[in-house]
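Trainee: here is my input, please return the structure:
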Amino acid sequence: MTTTTLAVLVPLLPFLGAAAGLLLGRTAPGFVRPLAVLPTLTALALAVVVAVRQGGDRAVDAATELTPTGSVPVELALHIDGFAALVAVLVVLVATCVQIYSTGYLRDDPRYPSYAALVSLFTSAMLLVVYSGDLMVLLVGWEIMGICSYFLVGHYWETPEARAASLKAFLVTKLGDVPFLIGLFALATDAGSFRITKILGTVATGGLDHPTLVALLLLAGVAGKSAQFPLHTWLPDAMAGPTPVSALIHAATMVAAGVYFIARLLPVFAASSAALVVLAVMAAVTMAGSALAALAQDDIKRVLAYSTIGQLGYMTGALAVGDRGAAVFHLLTHGAFKALLFLAAGVIIHAAGTNSLAAMSRMGNLRARVPDAYWTMTVALLALAAIPPFSGFFSKESVLGAAEHVSTGHAEGIPDAAGWIVLVAGLVSALLTAAYATRLWLLVFRGKGVEAPDHGRQPVAMTAVLWVLAVPSLALGGFAYGRLPDWFDGHDLTPTLTTSVLGTGVALVGGLVTYGAWRHTTALAARVPLGAVAAHPDADGGLVEAEAIATHTAAYGDMATAPDPADPGRLLLGPLHRHAAVGFHLDALYTALFVRPVQAGATLVRFLDREVVDTYVRGASAVPRLLGAAVRRAQTGNVQTYVSALLAGTVVLVVAVLLVATGA
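Mentor: Model (predicted):
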């Protein structure tokens, strides 16, 4: 088969699997798991073949017009370059791992058939975005992912958290999609086509009339889909869904779509220096803010959610300095180690048999209980912290290297300010990333939380997937960075000495400082147990205990309410901790600025509808009703009354005629 035919089958197979799963889920439940795994697994094999055939050479293009529009045509088009080929492999690899993992994680879930079908549809939609060469077709996949995320995040719809999270994710992303759609139409109007190649040709010849406006409109949709500031607040709440869904959304679909979209249309954004600076500022705030928030979270999945937001910030930062190769390189490595982190977290939660153990303060010393998760999560956390030679080191250093190159004025057409913003924020975030990664590892595997009942060994389908993903998390960066330039426009992705030393240095500092803080707080907690606020300086232990109590209270506040006295995040963040723990109050701010005014407006509209509009309607109906009542009273059924009325009427008519005649 031709490369084009194989490429069409890659998104088509998961779609057919989803359709078959929905149709046969109730009538033939034995086919549900094969229909979930086999089409996606086959699509993975085909995606690898497409990538090998494409080989980083000239892009594969094919198109056919769907229907005449009379103006700007809409075409079913494929555009497969090196970026698309490799990202498609990542998407289907993670989706396959998630489907296999879910057969164990959700084996007793009565809604597993619909869940598996939605995961397949989600995968198909993302692959449509990756391979599409037409913006309207891309938009179809873009919106299908939105509705799939709504249903998957709300999978446990019995809980109010899941219902609220799914609705929030849908509404926040739709808020960004409105200007995004306007931007797409503006872009197609200037280019006279929705085809990506024609649009890029128009940009190259300077045919874009309002590049800044178009770029900012598109950026709004990207911020919503890829959870970038200020539209990032939906992603931490989306952790209410099943853990495998979190792995899929965070590693390969949904949030990756926005980054990939900018990478595909980077010349549109590069045509406006102002848009690049805005993108750099957005990336910087996202990186630093999400890292601080991650350092203050107690729920392990929320830590990983804020981590995803920050790592996406690195990718958008690379795009802000005009290096889409570094951005997609980090997208690939991040997809591997973030999927591994979420699936390992799922093993930990599954081992306890309850989601309540997602709180890291309740975990501790789990190495012997979940050895597979322990070793593989350690690999993934080292990759997240960008410690060499793990994959995250190479991709993150390519981002920092690109920013350093721009900041020194060596990149033509890219503002130096964008380079400095991304470089400084990237180094600060590297320090904080290593800090929260170390904190997570210590609290989960070395802490002294509540001992949960042992639910036995985890299913092989869950643990085997962890080791599969551990391989690219460990080796993808070192194996790929020397080979990827042929796939990524020939850009050199080799780490530079300056940023490598700086990035690794601050990461090591962040990890060591966090370890020291953990040792200090652990020793302090051992000397002063939780709830010992009532201890008095005159008690046994004298001044030593009193000093420990005072130190603990100053660092954490009232010990009776502190959730975990051995949490180094509280000591490191100090007074900032309570603000970072709630995402710097952005949800409260949005509630005050948008939610409450909308609710007040809805209340006013309801009042006007009930008390004003309904009053007029009731009044209009009252008059005919009264007339009808009066007429009804005249209908007595008495013949004598009718004859008397007839005679009286006749007399009145005769008198009236006589009067008229006399007057004449």
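
Trainee: measure residue 15 to residue 130 for me?
Mentor: 14 Å (CB to CB, to the nearest Å). Where C-beta positions appear, they are placed from N, C-alpha and C, glycine not excepted.

Trainee: have a look at these two and say which one is more surrounded.
Mentor: A direct count of neighbours by other CB atoms under 10 Å for residue 15 and residue 130 places residue 130 higher, at 31 against 19.

Trainee: so where does that one fall, helix or strand?
Mentor: helix 112-131 (DSSP states H and E).

Trainee: quick one: list the elements packing against that helix.
Mentor: helix 3-24, helix 32-54, strand 74-80, helix 82-105, helix 135-153, helix 243-251, helix 255-264 (3 or more CB pairs under 8 Å, 6 or more residues apart in numbering; DSSP states H and E).

Trainee: just the mean pLDDT for it, thanks.
Mentor: The average of the pLDDT scores along helix 112-131 is 96.

Trainee: could I have that helix exported to CSV, CA atoms only?
Mentor: Taking Å, rounded to 0.1, in the frame of the first residue of the first chain, the C-alpha atoms of helix 112-131 are listed here in CSV:
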residue,chain,number,x,y,z
TYR,A,112,-15.7,0.2,30.6
PRO,A,113,-17.2,-0.4,27.0
SER,A,114,-18.1,3.2,26.6
TYR,A,115,-14.9,4.3,28.2
ALA,A,116,-12.7,2.3,25.8
ALA,A,117,-14.7,3.5,22.8
LEU,A,118,-14.2,7.1,23.9
VAL,A,119,-10.5,6.6,24.3
SER,A,120,-10.3,5.2,20.8
LEU,A,121,-12.3,8.1,19.4
PHE,A,122,-10.1,10.5,21.4
THR,A,123,-7.0,8.9,19.8
SER,A,124,-8.5,9.0,16.3
ALA,A,125,-9.3,12.7,16.7
MET,A,126,-5.8,13.6,17.8
LEU,A,127,-4.4,11.7,14.8
LEU,A,128,-6.7,13.6,12.5
VAL,A,129,-5.2,16.8,14.0
VAL,A,130,-1.6,15.5,13.5
TYR,A,131,-2.0,14.3,9.9
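
Trainee: may I see the buried residues of it?
Mentor: Residues 112-131 are the ones in helix 112-131 that count as buried (16 or more other CB atoms under 10 Å).

Trainee: in space, what's closest to residue 416 - neighbours in sequence excluded?
Mentor: residue 409 (5.5 Å; CB to CB, 6 or more residues apart in numbering).

Trainee: what about stretch 214-228, distance to the chain center?
Mentor: 13 Å (CA atoms, centre = their mean, to the nearest Å).

Trainee: I meant to write stretch 487-499 there.
Mentor: On CA atoms, centre = their mean, the centre of stretch 487-499 falls 28 Å from the chain's centre.

Trainee: what's that stretch in contact with?
Mentor: Residues outside stretch 487-499 that contact it (CB atoms under 8 Å, 6 or more residues apart in numbering): 56, 82-83, 85-86, 323-326, 328-329, 393-394, 397-398, 400-401, 403-405, 423, 481-482, 484-485.

Trainee: let's see the PyMOL selection covering just the buried ones among these.
Mentor: Filtering the contacts of stretch 487-499 down to the buried ones (16+ other CB under 10 Å) takes a single PyMOL command:
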select buried, resi 56+82+83+85+86+323+324+325+326+328+329+393+394+397+398+400+401+403+404+405+423+481+484+485
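
Trainee: just the ones of the contacts of stretch 487-499 in helices?
Mentor: 82-83, 85-86, 324-326, 328-329, 393-394, 397-398, 400-401, 403-405, 423 (DSSP state H).

Trainee: what's the weakest-modelled helix or strand in this protein?
Mentor: helix 542-556 (a mean of 40; mean pLDDT, DSSP states H and E).

Trainee: next SSE downstream of it?
Mentor: Heading C-terminal from helix 542-556 (DSSP H and E), you reach helix 568-573.

Trainee: do you know how far the nearest residue to residue 154 once chain neighbours are set aside is from residue 300?
Mentor: Nearest residue to residue 154, sequence neighbours excluded (CB to CB, 6+ apart): residue 166, at 3.1 Å. Per CB to CB, residue 166 is found 21 Å from residue 300.

Trainee: ok, residue 379 next?
Mentor: Where residue 300 is concerned, residue 379 sits at a distance of 17 Å (CB to CB).

Trainee: more neighbours, the two?
Mentor: residue 300 (26 against 22).

Trainee: so who does that one touch?
Mentor: Counted by CB under 8 Å, 6+ apart, residue 300 has contacts 345, 348-349, 358-360, 363, 440, 444.

Trainee: strands - which of those land there?
Mentor: With DSSP state E as the criterion, strands contain none of the contacts of residue 300.

Trainee: end-to-end on stretch 581-594?
Mentor: 22 Å (CA to CA, to the nearest Å).

Trainee: hmm, who's touching it?
Mentor: By CB under 8 Å, 6+ apart, stretch 581-594 touches 230, 233, 236, 289, 292-293, 296-298, 579.

Trainee: most widely separated two among these?
Mentor: Greatest spacing in these, by CB to CB: 230 and 298 (24.1 Å).

Trainee: ok, those two, which is more surrounded?
Mentor: Each of residue 230 and residue 298 has its neighbours counted (other CB under 10 Å); residue 298 has more, 18 against 15.

Trainee: may I have stretch 624-635 as CSV, with CA atoms only?
Mentor: The C-alpha coordinates for stretch 624-635 follow below in CSV (Å, rounded to 0.1, in the frame of the first residue of the first chain):
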residue,chain,number,x,y,z
PRO,A,624,-60.9,36.9,26.6
ARG,A,625,-61.4,34.7,29.7
LEU,A,626,-63.6,37.4,31.4
LEU,A,627,-65.6,38.0,28.2
GLY,A,628,-66.1,34.3,27.8
ALA,A,629,-67.4,34.1,31.4
ALA,A,630,-69.9,37.0,30.7
VAL,A,631,-71.2,35.3,27.6
ARG,A,632,-71.4,32.0,29.4
ARG,A,633,-73.7,33.5,32.0
ALA,A,634,-76.2,34.5,29.2
GLN,A,635,-76.5,31.0,28.1
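
Trainee: burial of residue 461, as a residue count?
Mentor: 18.

Trainee: try residue 412
Mentor: So residue 412, with other CB under 10 Å, has 7 neighbours.

Trainee: quick check: phi and psi at it.
Mentor: Main-chain dihedrals, residue 412, degrees, to the nearest 10: phi -80, psi 130.

Trainee: which pLDDT value goes with it?
Mentor: For residue 412, pLDDT reads 83.

Trainee: next: residue 434.
Mentor: The model's pLDDT for residue 434 equals 97.

Trainee: quick check, the residue nearest to residue 154 in contact with residue 148.
Mentor: No: using CB atoms under 8 Å, residue 166 makes no contact with residue 148, being 10.8 Å away.

Trainee: show me where the stretch 201-350 of the chain dips below the pLDDT cut-off.
Mentor: Nowhere does the stretch 201-350 of the chain drop to pLDDT under 70.

Trainee: go on, the chain?
Mentor: Short version for the chain, where the test is pLDDT under 70: 352-357, 448-456, 481-482, 490, 527-565, 633-634, 664.
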